[in-house]
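Here is a sequence with its predicted model. Questions after.
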Amino acid sequence: MSLAIVEFLGKKGSVTDTDLQKELNSNFGETSFREVNRELMKLELAGILRVSRLTKGKRLVELIGKPTIG
(Lines give C-alpha, C1' and ligand atoms only; values in the text may rest on other atoms or scores of the structure.)
Protein backbone atom coordinates (compact mmCIF):
# COMPACT_ATOMS: atom_id res chain seq x y z
CA MET A 1 0.00 0.00 0.00
CA SER A 2 2.91 2.37 0.69
CA LEU A 3 4.10 2.09 -2.89
CA ALA A 4 0.61 2.88 -4.20
CA ILE A 5 0.48 5.99 -1.99
CA VAL A 6 3.86 7.23 -3.25
CA GLU A 7 2.91 6.54 -6.90
CA PHE A 8 -0.43 8.34 -6.53
CA LEU A 9 1.21 11.38 -4.92
CA GLY A 10 3.85 11.35 -7.65
CA LYS A 11 1.12 11.68 -10.27
CA LYS A 12 -1.26 14.05 -8.47
CA GLY A 13 1.06 16.10 -6.27
CA SER A 14 -0.57 17.03 -2.98
CA VAL A 15 -4.03 15.65 -2.15
CA THR A 16 -6.35 15.55 0.83
CA ASP A 17 -6.44 12.44 3.00
CA THR A 18 -10.04 11.72 1.95
CA ASP A 19 -9.12 11.79 -1.75
CA LEU A 20 -6.19 9.50 -1.02
CA GLN A 21 -8.41 7.06 0.83
CA LYS A 22 -10.91 7.04 -2.07
CA GLU A 23 -8.08 6.18 -4.46
CA LEU A 24 -6.82 3.39 -2.19
CA ASN A 25 -10.35 2.02 -1.83
CA SER A 26 -10.67 1.81 -5.62
CA ASN A 27 -7.34 -0.04 -5.89
CA PHE A 28 -7.35 -2.28 -2.80
CA GLY A 29 -11.02 -2.62 -1.91
CA GLU A 30 -12.24 -1.30 1.43
CA THR A 31 -9.33 0.16 3.42
CA SER A 32 -9.92 1.51 6.89
CA PHE A 33 -8.97 4.98 8.06
CA ARG A 34 -6.67 3.32 10.59
CA GLU A 35 -4.76 1.41 7.86
CA VAL A 36 -4.29 4.56 5.81
CA ASN A 37 -3.08 6.49 8.87
CA ARG A 38 -0.58 3.74 9.71
CA GLU A 39 0.90 3.84 6.20
CA LEU A 40 1.00 7.64 6.18
CA MET A 41 2.83 7.65 9.51
CA LYS A 42 5.42 5.15 8.26
CA LEU A 43 6.05 7.22 5.15
CA GLU A 44 6.20 10.46 7.11
CA LEU A 45 8.74 9.05 9.56
CA ALA A 46 10.83 7.83 6.61
CA GLY A 47 10.91 11.40 5.26
CA ILE A 48 9.00 10.56 2.08
CA LEU A 49 5.86 12.61 2.63
CA ARG A 50 4.38 15.27 4.89
CA VAL A 51 0.90 15.40 6.40
CA SER A 52 -0.40 18.78 7.53
CA ARG A 53 -3.76 19.91 8.83
CA LEU A 54 -5.97 21.97 6.51
CA THR A 55 -9.17 22.31 8.51
CA LYS A 56 -10.84 20.31 11.23
CA GLY A 57 -11.11 16.78 9.89
CA LYS A 58 -9.09 17.42 6.70
CA ARG A 59 -5.39 16.90 6.14
CA LEU A 60 -3.08 17.63 3.21
CA VAL A 61 -0.73 14.86 2.11
CA GLU A 62 2.25 15.87 -0.03
CA LEU A 63 5.32 14.10 -1.35
CA ILE A 64 8.59 15.64 -0.15
CA GLY A 65 11.25 13.02 -0.88
CA LYS A 66 12.00 9.97 -2.93
CA PRO A 67 12.06 6.57 -1.23
CA THR A 68 15.45 4.90 -0.91
CA ILE A 69 16.02 1.17 -0.88
CA GLY A 70 18.23 -0.23 1.82
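The structure has been received and is ready for your questions.

When you work out contacts or count neighbours from here on, use the C-alpha atoms and nothing else.
Fine.

if I pick R59, what's in contact with it?
Listed by Cα atoms under 8 Å, 6 or more residues apart in numbering, the contact set of R59 reads 16-17, 51-53.

where's it relative to S14, distance?
As judged by Cα to Cα, to the nearest Å, R59 and S14 stand 10 Å apart.

which residues are in contact with both of those two?
In contact with both R59 and S14: no residue, using Cα under 8 Å, 6+ apart.

related to what we said a few turns ago, which of the contacts of R59 ranks first by neighbour count?
For the contacts of R59, the largest number of neighbours (other Cα atoms under 10 Å) sits with D17, at 22 neighbours.

Let's see the pLDDT reported for the closest residue in space to S14 that isn't next to it in sequence.
Of all residues not flanking S14 in the chain, E62 sits nearest, at 4.2 Å (Cα to Cα, 6 or more residues apart in numbering). According to the prediction, E62 has pLDDT 93.

Contacts only, for E62.
9, 13-15, 49-51.

Okay, and it sits in which element?
Here E62 sits within strand 58-63, counting by DSSP states H and E.

Each with direction, which strands does that strand pair with?
Using DSSP bridges, strand 58-63 pairs in its sheet with strand 15-16 (antiparallel), strand 49-55 (antiparallel).

Those strands into TSV, with extra columns for distance to E23?
Shown next, in TSV, are the strands paired with strand 58-63 (distance: least, Cα to Cα, whole Å):
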stretch	distance to E23
strand 15-16	11
strand 49-55	17
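
out of the ones you listed, which comes closest to S2?
strand 49-55 (10.8 Å; Cα to Cα).
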